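S.K.: can you look at this prediction? I've put the sequence above it.
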Amino acid sequence: MAEYNPSTNSWRARASIPTPRTGVAVAELNGEIWVIGGAEDTNPGGDHSRQATNIVEIYNPSTNAWRTGPAFPENWVVHAATSLNGKVYVSGGWIQRYAHPMAWQSLAACTVLQEEAGHD
């Protein structure tokens, strides 16, 4: 993770995401950054095969720390996310239907994630 400060026109390193992946959706909710789904590299240094995932990780800029969020219902990749009225909306993208790396299906669905009550 890197943070840009426009007043100083500079970047600084922040805590690395626990599960590196590509094709994620990102949204801000309650001052935190939600990173949803995407594809993990299942063969680093090899053919770079990708496996879609339902992992949700939430970054808190105030503490420079990550935590695990609520698991996404399916393994989506190359999708979009936004927040509105205390909820994260995720739509579009692709879902990996089978173990074969080329078995992808496009999505027209929209799924809503919500922070569990009582979490700081």
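M.R.: Noted; the coordinates are in hand. Just so it is clear, the model here is predicted, and its values are computed rather than measured.

S.K.: could you pull out the buried residues of stretch 81-88?
M.R.: Buried positions in stretch 81-88, judged by neighbour count with 16 or more other C-beta atoms under 10 Å: 81, 88. C-beta here means a position set from N, CA and C on the backbone, and glycine is covered the same way.

S.K.: and it, average pLDDT?
M.R.: Average pLDDT, stretch 81-88: 90.

S.K.: can you tell me what sits against the strand or helix carrying residue 34?
M.R.: Taking DSSP states H and E as the criterion, residue 34 maps to strand 32-36. With contacts defined as C-beta atoms under 8 Å, 6 or more residues apart in numbering, strand 32-36 is touched by 17, 24-28, 56-61, 69, 72, 76, 79, 81, 83, 88, 90, 113.

S.K.: how about a cut-off of 7 Å?
M.R.: By C-beta atoms under 7 Å, 6 or more residues apart in numbering, the surrounding residues in contact with strand 32-36 are 17, 24-27, 56-60, 69, 72, 81, 88, 90.

S.K.: can you map out the strands along this structure?
M.R.: All strands of the chain, identified by DSSP state E, fall at 2-5, 10-13, 25-29, 32-36, 39-41, 50-52, 56-60, 65-68, 76-77, 80-84, 87-91, 94-96, 104-106, 110-113.

S.K.: cheers, nothing more for now.
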